[in-house]
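Visitor: for reference, the sequence and a predicted model appear below.
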Amino acid sequence: MPGAFRSLLGVVLAAAIASPSAAQRALVDIPAPDTAAELAAMEVAEGYEVNLFAADPLVRKPLQINFSPDGRLWVSWSGVYPQILPGEVPDDGVTVLEDRDGDGVADVSTRFAGGLHMPTAVLPGDGGCYVANATEILHLADTDGDGVADERRTVLAGFGTEDTHHLVHTFRWGPDSRLFFNQSIYIHSHVETPWGVRRLDGGGMWRFDPRSLALDVFARGWVNPWGHAIDEWGRSLVTRSEEHTSELQSRQYLVCRL
């Protein structure tokens with residue numbers, strides 16, 4: 001969930017320590033962030049290590065992170081999540097973090113874009129980045145090379161917004177060069193494309209081809225599909241939550257046709 005990254009943004013995620021039910025108790029009694037204590041409580045696999053890559057003020061309330069091929073970390077964040085107040089003007093954005101001295105800690109933070117509204121996903125590509133911006137997907141580009149987006153294009157629109165907690169999220173590039181992203185329950189999307197209207201009422205996963213603007217539902221029927229990773233055999237591994245239970249599911253698909 002996006003709010004879980006409020007106190008600590010890590011490049012490598014360790015297994016959760018508390019149970020889902022315990023995490024819901026005493027939400028008003030939140031301890032001050034203690035990086036040393038958090039690191040000490042993690043169980044890390046042999047050969048791996050975890051360190052704090054970036055924290056406030058370099059980044060605040062991050063919603064999704066993704067690396068670009070040049071090693072920079074792209075972060076979408078929201079100051080108004082999970083609900084905008086009456087009269088409030090959203091100014092959420094995308095920040096790019098860089099570790100220029102190679103010590104494993106971000107030392108440069110550049111605000112790539114602002115003026116967004118609950119950008120629940122970001123994925124670098126095609127000369128800029130794709131962003132989930134509430135009911136739409138945008139492509140933001142930097143055409144003059146100053147590190148700041150100066151071109152904004154609406155790629156798709158019509159995604160549901162019934163619950164900000166379940167907006168489209170989790171952008172991933174697939175091995176077929178398509179953009180995969182998730183949608184959670186309570187969201188009803190009716191997206192117009194050059195190939196017709198595509199609909200998804202409830203949880204599932206979308207697949208989008210930026211070249212042809214073809215959009216289709218890759219999987220449907222889940223309640224809350226959150227994480228998504230694709231293994232070397234082309235299987236999509238999806239983490240999902242349903243009420244107070246969690247599980248790991250997999251789905252295999254064909255990425256090329258001969």
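Guide: Received it, and whenever you're ready, just let me know what you need.

Visitor: distance check, H190 against R198.
Guide: According to CB to CB, to the nearest Å, H190 and R198 sit 8 Å apart. Yep, even glycine has a C-beta here, placed from its N, CA and C like the rest.

Visitor: okay, those two: which has more neighbours?
Guide: Between H190 and R198, counted using other CB atoms under 10 Å, R198 has the larger neighbour count: 18 against 13.

Visitor: I'd guess the more buried one is in a helix, am I close?
Guide: No - assessed with DSSP: H, G, I helix; E, B strand; the rest coil, R198 is strand; it does not lie in a helix.

Visitor: quick check: it touching A214?
Guide: No - counting by CB atoms under 8 Å, A214 is not a contact partner of R198; they are 9.1 Å apart.

Visitor: and stretch 210-221, which residues are buried?
Guide: 210, 215, 218-219 (16 or more other CB atoms under 10 Å).

Visitor: residues in contact with the closest residue to G160 other than its chain neighbours?
Guide: Sequence neighbours aside, I187 is the residue nearest to G160 in space, at 3.8 Å (criterion: CB to CB, 6 or more residues apart in numbering). Applying CB atoms under 8 Å, 6 or more residues apart in numbering, we find I187 in contact with 159-163, 166-168, 200-203.

Visitor: quick check: I187 vs F112, distance?
Guide: 26 Å.

Visitor: again with R240
Guide: Between R240 and F112 the distance is 30 Å, computed by CB to CB.

Visitor: same check on R72?
Guide: Plainly put, R72 is 10 Å away from F112 if you go by CB to CB.

Visitor: and if you look at G158?
Guide: For G158, the distance to F112 - CB to CB - is 25 Å.
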